[in-house]
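**Student:** pasting a predicted model and its sequence here:
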Amino acid sequence: MRVVVQRVNYGQVVIADQTVAKIGKGLVILLGIGPADDAAKTAVLAKKIALLRIFEDDQGKMNLSLLDIHGEAIVVSQFTLYADTRKGNRPSFTNAAKPELASPLVDRFIEELKSLGIPTQSGVFGAGMQVTLENDGPVTICLDL
């Protein structure tokens, strides 16, 4: 799994002029699934992200987690995180999982976050989406699992 986590003041996902997800303070999570990924990895990754101490405490230090601040999350499936640009100028996406593997794992990851007590919304797998956010900090973390 490959993830880009962005600390945000707000975020939203729009599809065909309709807002399908909208949050306040929390995380926008771009999630890529690889062919070797499985359900066990979704649980590990969800816990890691929920406990990632990237929110500021009273002294301005990144010492608080998403759970600590009672933040929200939006998860957006993004196979382009597995882009291979080593040859030529057109990215190859052959390293991304096929939709029949990726879609259920994205759903599982969302359920794992919810089970940890994080209000979680999402985009729609495979849809063209417009993601709007205000990156707070900016703080952007990349994770590979």
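**Tutor:** Alright, I've got the coordinates.

**Student:** sec struct for residue 49, please.
**Tutor:** State at residue 49, reduced to three classes by DSSP: H, G, I helix; E, B strand; the rest coil: helix.

**Student:** for this structure, which segments count as helices?
**Tutor:** 39-51, 66-69, 99-115 (DSSP state H).

**Student:** let me see the contact set for residue 42.
**Tutor:** Applying C-beta atoms under 8 Å, 6 or more residues apart in numbering to residue 42 gives the contacts 1, 105, 108-109, 112. (Each C-beta comes from the backbone N, C-alpha and C, glycine too.)

**Student:** repeat the analysis, applying 6 Å as the threshold.
**Tutor:** 105, 108-109, 112 (C-beta atoms under 6 Å, 6 or more residues apart in numbering).

**Student:** nearest to residue 8, out of the helices of the chain?
**Tutor:** helix 66-69 (11.0 Å; C-beta to C-beta).

**Student:** next, count neighbours for residue 58.
**Tutor:** 7 (other C-beta atoms under 10 Å).

**Student:** who's the spatially most central residue of the chain bridged to?
**Tutor:** Taking C-alpha atoms, centre = their mean, the centroid of the chain lies closest to residue 29, which sits 1.8 Å from it. The partner list for residue 29 in beta bridges (DSSP bridges) reads residue 5, residue 75.

**Student:** wait, it sits on residue 75?
**Tutor:** Yes. With contact defined as C-beta atoms under 6 Å, residue 29 counts as touching residue 75 (4.9 Å).
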